[in-house]
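[1] Predicted coordinates and the sequence they were generated for:
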Amino acid sequence: MINSPSDNVQKLNSINRRMFIIGSFKFFIMVGIVSRLFFLQVKENKKYLTLSDKNRIREWKLAPVRGEFHDYFGNVIAGNFEAYQLHIIPEQVDDFRYVIYRIKDLLELSDAEFNKVLKKKKEIKPWETLIVSDNLSWQKFSKINNHLYDLNGVKPVISISRNYPFKENFTHLIGYVSQANQNDIDTNESIKKNFVPGLKVGKIGLEKTFEKSLIGTNDVERYEVNAYGRRISQLEFQKGEKGKTIRLTIDTEVQKLANELLKDKAGSICVMDIYTGAIIAMHSGPSFDPNLFVFGISQDEWQLIRNDPMKPLVNKTLQGNYSPGSIIKPIVALSALENGIMNTNFTVKCTGKTEMYGQTYHCWKKKGHGFVSLRNAMKQSCDTYFYEIARKLGVDRLSETAKKFGLGEKVFGELFEIEKKGLVPNTQWKKNALGKGWLLGETIITGIGQGYIQTTPIQLCLMTAQIANGGYKIYPHIVVNNDVKAQPSDKYMPLYENSNNIKIVKDAMFGSTNEVMGTSYRSRIDDPKYQFAGKTGTAQVKKITERERELDLKTFEIPYEERDHALYVAFGPYKNPRYALSVIVEHGGNGSTTAAPMATKLFKLIIDRHKIRQSMDEKKYLEI
Amino acid sequence: MYQHSRLITNRFSLFQKFKNLDYILLFCILLLGSISLATMYSTDGGEVLFHTKSHFIKFTIFTIMMLLISFINIKYWFAIGYLSYLVVIGLLIGTYFFGITSSGSQRWINLYFLNLQPSELMKIFIILCLAKYFHRMRLEKVNSIYTILTSLIIIILPMGLVIVQPDLGTSLLIAISGIAVLWFAGVNNRYFIYTMMGFIIALPFIIAFLKPYQKLRVLTFLNPDRDPLGAGYQIIQSKIAVGSGGIFGKGFLKGTQSYLEFLPEKHTDFIFTLFSEEFGFVGSALLLLIYAIIIYRIVAIGASSRSYFAKIFCYSFGSAIFVFITINMSMVLGLLPIVGSPLPIMSYGGSSMLATMIGFGIVMSARVHNQQLIA
């Protein structure tokens, strides 16, 4: 024992004192840790519980089922079909190489398609779904199903996809769907909300306009996942809602006829109910099959459509700006009558051409029509007569009447974003737009629908309808809307000063179709049930040179691009009119020979279908 | 000392030894062992897999070993104080040359029947060594330059060997164990204050010498959200796990954070996180209580020991265990930067458990032989 007892006591005192100090420290540190635990687990528990759930619960959204389009009679014109697809989850496959080559054989995949699949496989995680094929034929689908026994991990899946059963018939009206791109997501809130990879959204037409109602809501699957994102178990399945079904005023039979008539032709047909403004048919030709776009169109097919000289991608009914040609004459006549420029007895001598303001203006008939009054001038579409009254009327008064009847502004408002306004010129417009003064010669050619004036086929149809219904304002619509309150208050507002003037114009149009010498006499129907009245138009695409006038070539002798557009508007049945239509055939040559005969066929069908349509309406009221 | 002579006896019967065991401490250790087994079972996803089995075997063997150690007279432990320290130093040097490298650090040495991590053993044997060194020393001599320098060399030598592995965390824990002994031996307060001040001044230089990953840990600790998927991931996920446990926890085997593999290192350093997630605030507080009782018992055994060596060992060991526990818990609760430090007994890992159990064994021996005087 080296240490003295006193030293020992000192040492013991020291160590015990220091132990006491450390002990108190320990106590406080313990309290600190417990309070930290309390803070995390009791006070902040909610926050961390949420974070933990966010960690472990992941949502998978499935593509919503898109709403359908029905025609007036309930036929599905844009619906959904079950697409046969082939999915593989790579991690569930024992020998991926074997399986994928086996599938390549069975599906007869081309090398390009096959490489695309392999590339896609590299981009996804092994437990994610690899879509090998998104639209298999039934034969291939059943073939795969027969070989499933040695294709472990391969899943034949039936998925819902868009289908257009009437193919090219409704393309321009309804549009088509295709895979959503970044632009679609950015510009449309409802697409953003419901987006899932592979979601198909409307690209043009009503599919695009009504995206919000059509899109529906996603099915949502909630899964518990681990830290690597692998699904462990399904916690919940929330069924989404199918998008709304939209019923259109269209009659598929009429639409089909319109498509048939415009086959291999560039043009437009629209048919309208002159009282309700309901569109019965609206077609732009040539058309294309919208089903091509649903699963992505191939480059070849796309080039074929894009480079077609007849421009199938353009919706001519709404986007086509045409000179109305003689179609404008009823409006010129009406404007002149309304403004008291002339009366029915006013006559002009047509010699085939007339000199005005130092320029020669030709009538379409070289020999001239002789002395013509309004009725005859309209009937035979005498240009000289309309040069004269246009001159007397002036462009400003003419444009006022034209605008009243729906020219120069969008018919459907915001419904179609592609719709063009057309152009109804006046002196003010020219000063603002071109910075030049109006020339009187321009008034004269405006009187026969040439020059600056531009109209769309749907505007011409509306114009005709509003003349046919006795001069009352209507609002054309495509979607059946039973909400009466939503209709504008100025519907059925009279557009005339004197209803007699409308009658005079209608009578002149009757003459044009149903009397000898009328421009569309050959297309008439004598049966009063189908009898219609109309006006032909032939719009020049380019100025006719003196030389060409000498040659007087037949339509087929002129190059396609230089041929005149053929136009026709009509309403019927004449005794008790109900429907108006407009027909335009681009570079069709002559309104009376190309466009008017189409109207004959259309009226036969439209009027036959009228009864069925009426019974449909009555049924609706009975249901209420 | 003669007044005590009737109590001095070198012979303890086996029965007496059993009687003298600290049953509260033993019970707490066994309880802790069972809890750690249950937790390990949970980390294995509710199955008896490798970790559970291995942990069970180790715990059983080391508990038996602890009892054996406790039956060996404390004076023999005193006797091998320096030797054991030198053996572990030898092992550390051996690790430097023949060690097994894992995740960038050469910490383990292959002893054929187990992979030993000598640095973990050093946490205990440095206490044993220094306790022996200060046992006979007169209080005046403790503060002599010679003593302090010698004891500092005893501490710095293993620290250096561990730092080069590299394993900063363990070397700091070794230093803490050694410093605890210095404190209880009566080294003047002002040395501690000077060292503290010196450390604070040197801190910027130390940071400059830190390895990039160590700097990252400090930065991450200061703001875990700066890289939530990288360096901050562990702290964030650990806090989420603990916080989402709530008052009563998510229930045994229902800790989603660990079950779904969001928790890193759940067997070892983050075992408390898993426990805390499944058993909540109440469970965690109870676990802390068990640890507190253990430490209290260790200190009480020290207080009742007659020999200065036993006293200094128990106090230092109790404090070291306390520091290990608090550092681990503070780390998983986001109070300290991540340093690799296991939770005694709870964490998976043979060397750590071996060292802790040897420590408990010596403490228990001090209890069994609490009347033993050491010359």
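    Perfect, I can see it now.

[2] Which parts of the stretch 301-450 of chain A are strands?
    A:348-350, A:353-356, A:359-362, A:370-372 (DSSP state E, counting those that start in this stretch).

[3] Grab the longest helix from the chain for me.
    You didn't pick a chain, so chain A it is. The longest helix of chain A (DSSP state H) is helix A:5-38.

[4] Actually, chain B is the one I wanted.
    Counting by DSSP H, the longest helix found in chain B is helix B:271-304.

[5] For it, which helices and strands make contact with it?
    Here helix B:271-304 touches helix A:5-38, helix B:23-43, helix B:233-245, helix B:256-259, helix B:308-332, helix B:350-368, going by 3 or more CB pairs under 8 Å, 6 or more residues apart in numbering or on different chains; DSSP states H and E. (Each C-beta comes from the backbone N, C-alpha and C, glycine too.)

[6] quick one: it to helix A:5-38, angle?
    Counting by axes from the mean of the first three to the mean of the last three CA atoms, to 10 degrees, helix B:271-304 points 160 degrees away from the direction of helix A:5-38.

[7] that older thread, of all the helices and strands packed on helix B:271-304, which has the lowest average per-residue confidence?
    Least confidently modelled of the helices and strands packed on helix B:271-304 is helix B:256-259, at a mean of 83 by mean pLDDT.

[8] what's next to that one, contact-wise?
    Helix B:256-259 is contacted by residues A:52, A:55-56, A:224, B:42-43, B:45, B:237, B:240-241, B:244, B:250, B:253, B:262-263, B:266, B:273-274, B:277-278 when judged by CB atoms under 8 Å, 6 or more residues apart in numbering or on different chains.

[9] Hmm, residue A:357 and residue A:440 touching each other?
    Yes - applying CB atoms under 8 Å, one finds residue A:440 in contact with residue A:357, separated by 5.4 Å.

[10] what does the stretch 151-300 of chain A put close to chain B?
    Within the stretch 151-300 of chain A, the positions near chain B by CB under 8 Å from any CB of the partner chain are A:224, A:225, A:226, A:227, A:228, A:232.

[11] mind giving me a markdown table with the strands of the stretch 301-450 of chain A and columns for distance to chain B and mean neighbour count?
    Converted to a markdown table, the strands of the stretch 301-450 of chain A look like this (distance: least, CB to the nearest CB, whole Å; neighbours: other CB atoms under 10 Å in any protein chain shown):
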| stretch | distance to chain B | mean neighbour count |
| --- | --- | --- |
| strand A:348-350 | 86 | 19 |
| strand A:353-356 | 82 | 14 |
| strand A:359-362 | 79 | 14 |
| strand A:370-372 | 87 | 15 |
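
[12] that older thread, out of the residues of the stretch 151-300 of chain A next to chain B, which sit inside strands?
    A:224, A:225, A:232 (DSSP state E).

[13] hey, what's the closest residue to the second one other than its chain neighbours bridged with?
    I take that to be residue A:225. Spatial nearest neighbour of residue A:225, chain neighbours left out: residue A:58 (4.7 Å); criterion: CB to CB, 6 or more residues apart in numbering or on different chains. Note on residue A:58: beta-bridge partners residue A:223, judged by DSSP bridges.

[14] The longest helix of chain A vs helix B:308-332, what angle?
    Using the same axes, to 10 degrees: helix A:5-38 against helix B:308-332 is 20 degrees.

[15] Tell me the helix or strand right after helix A:5-38.
    helix A:45-56 (DSSP states H and E).

[16] could you pull out the strands for the stretch 51-200 of chain A?
    Secondary structure of the stretch 51-200 of chain A (DSSP E, counting those that start in this stretch): strands at A:57-62, A:69-70, A:76-88, A:130-136, A:154-163, A:177-179, A:200-202.

[17] In JSON lines, list these along with mean neighbour count and mean pLDDT.
    Converted to JSON lines, the strands of the stretch 51-200 of chain A look like this (neighbours: other CB atoms under 10 Å in any protein chain shown; pLDDT from 0 to 100):
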{"stretch": "strand A:57-62", "mean neighbour count": "15", "mean pLDDT": "82"}
{"stretch": "strand A:69-70", "mean neighbour count": "22", "mean pLDDT": "93"}
{"stretch": "strand A:76-88", "mean neighbour count": "19", "mean pLDDT": "88"}
{"stretch": "strand A:130-136", "mean neighbour count": "20", "mean pLDDT": "81"}
{"stretch": "strand A:154-163", "mean neighbour count": "18", "mean pLDDT": "83"}
{"stretch": "strand A:177-179", "mean neighbour count": "20", "mean pLDDT": "88"}
{"stretch": "strand A:200-202", "mean neighbour count": "23", "mean pLDDT": "89"}
